[in-house]
Structure formats: C-alpha cells, structure tokens
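In: Sequence first, predicted model second:
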Amino acid sequence: MPRPAAPRSSPQRPAPSGPLPPLLRELWRVSHAALAEAGALAFPVPCVGCGEPPAMLCARCRIELRPAVCLRVLEPGLHVWSGLPFAGVPARAIRALKSESRTPLARALAPALGEALDTAWHAAVTPGAAGPLLVPIPTSAASWRRRGVRVVELVMRRAGAPRARMLRHARRVADQRALGRAERGRNVAGSMRCDELGGASVLLVDDVVTTGATLVEASRAVVAAGGRVLGAVTVASTPRVFEPTPIRA
Ligand SMILES: [Zn+2]
C-alpha cells in the first residue's frame, strides 16, 4: 500500500526572495493565494462522516463524536473504558485516520479518549495513590510503514495525555482484521514485551477494542514485567458480536 499522499497545495510556499520590485512581489503573492484557493475549490475535501464537501468533518458529524463512555469487561477481568461506539461516524472517522492518515481527525477524536481516561482514572485509581502510567499499545512496524503515524499516540497527544512507551512487539503478528476471535488470541499470544515496571500501575491505551485479544496480551506483558494493570482505555469499542473484516490482497 502506498505511503500517505502529500498535500495537494502548499499555500505556505514563501515568496521569491530575489530582487523583485514591491509591486511584482505583491502581484506574485496575490496570484499564488488565488491559485491555492482555486485548488481548494477544485478538490473539496469531503466529510469523512457523511461524504459532503467542503469540510473533512462537518458540524453535524462532529456532534456524533461527543464522548459517550462505555465499560466492557474482557474475559480475564480486564476493564476497558471506551469513549465512543465503533459504529457510524466515529467508525468512519477512525478508519479515515488509520487507513488514510487523515491526522487532523485525531484532534476531533481526542475528547472521547480524554473522557474515557478521566472515567477510568476515577474508577480505577485509589484516591491519593500515585497516578498510573498511560501505556499505549505499540504500533507494528508494518503499520508504521503503511501509515507513517502512530494513531493511538497521536490521539493521546491531542488529548494532552502523557505517554509511557513501555511496550514493544517481540515478534511479527498477522493483520488482526481478517481473523476470528480465537485466531486473534492465538495470533497475538506472547507477541509483546514490556520494560521493567517495578510494581508501577498501568492503564493501557489503544484506539479500538474489538475482541480485546491485543489488550489481554498487553496486560500479560505488563504483569510479566512487574506491573499492575488497573484497566484499559480506548477511543472506541466495537459491539460485542463482531465479524472479521475481509481484507483485499
Ligand atoms: Zn458530515
């Protein structure tokens, strides 16, 4: 898959620095601005939610990204707080951020992650105790090459959440999207390694929880490194019943 395309226009392009007379310099500036504007009109960016131009996310769809925190408990008793349902506009926005590297959407999704983090913090952290490390699920090397962005870390940054990059992949895993529940668990089992935590408490952070196999594996790695998992937080959560996504070759 190709790397993300470069922006279509560059309105910040500097004016020529040569010895242009002031009038010619001003003419150049005005004509360049007009060309950039014409480019924007010729290539309007459709809304990722409803497909209508001219905004990447229109006001109506932005409302659909208002936080609606829900809690799921994964099988080993791991609590996961999520800011949005992975459906409709939120799902389209997250897919556009992940698959098309539309990074400005991270800012629109940040309130949902922030609200889920706040809720998890109040529910899982003992008052007066030291705050947990917020540990993002690592981006695989293949995703990094394909997208050029660490999605979960970008949304965390936009939400103002400090990141403790303690987890890493110990081996390659297959793309989870095409796998069923049991296959996902087998695919990621033993795939992560964590830096030594010395008893520190941790909230895991990911973009989407589907079956929870990735979070369960991350939790195992944190415990193996001497950490204590208070729970996990994600931008969005899929419905409990899910179908594997067919992936085009
Ligand atoms: Zn829209």
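Out: Arrived safely, thanks for sending. Computed from a prediction, not measured in an experiment: that's the story for all the values here. Numbers count the residues shown, from 1 in each chain.
In: Can you pull up the residues of this structure that come close to the ion?
Out: Listed as neighbours of the ion in the chain under the rule C-beta under 5 Å from the ion: C47, G49, C50, C58, C61. C-beta here means a position set from N, CA and C on the backbone, and glycine is covered the same way.
In: switch to 6 Å and redo it
Out: C47, G49, C50, E52, C58, R60, C61 (C-beta under 6 Å from the ion).
In: got a winner among those for most neighbours?
Out: Greatest neighbour count in the residues of the chain next to the ion, by other C-beta atoms under 10 Å, goes to G49: 24 neighbours.
In: Just give the nearest non-adjacent residue to that one, would you?
Out: C61 (2.9 Å; C-beta to C-beta, 6 or more residues apart in numbering).
In: List the contacts of the strand or helix carrying A182.
Out: Assigned by DSSP states H and E, A182 belongs to helix 181-188. Contact with helix 181-188 is made by V173, A174, Q176, L179, T210, T211, A213, T214, V216, E217, F242, as judged by C-beta atoms under 8 Å, 6 or more residues apart in numbering.
In: R186 versus the fourth one, what's the distance?
Out: Right, L179. Distance of L179 to R186, computed by C-beta to C-beta, to the nearest Å: 9 Å.
In: can you give me the helices in this protein?
Out: Here the chain has its helices, by DSSP state H, at 22-42, 59-63, 88-99, 105-124, 141-147, 151-158, 181-188, 213-224.
In: For E196, which of the ones you listed is the nearest?
Out: Closest to E196 of the helices of the chain, according to C-beta to C-beta: helix 213-224, at 10.1 Å.
In: and the closest one with helix 181-188, angle?
Out: Orientation of helix 213-224 against helix 181-188 (axes from the mean of the first three to the mean of the last three C-alpha atoms, to 10 degrees) gives an angle of 40 degrees.
In: Enumerate the positions of helix 213-224 that are buried.
Out: Under the neighbour-count criterion of 16 or more other C-beta atoms under 10 Å, helix 213-224 has A213, T214, L215, V216, E217, A218, S219, R220, A221, V222 buried.
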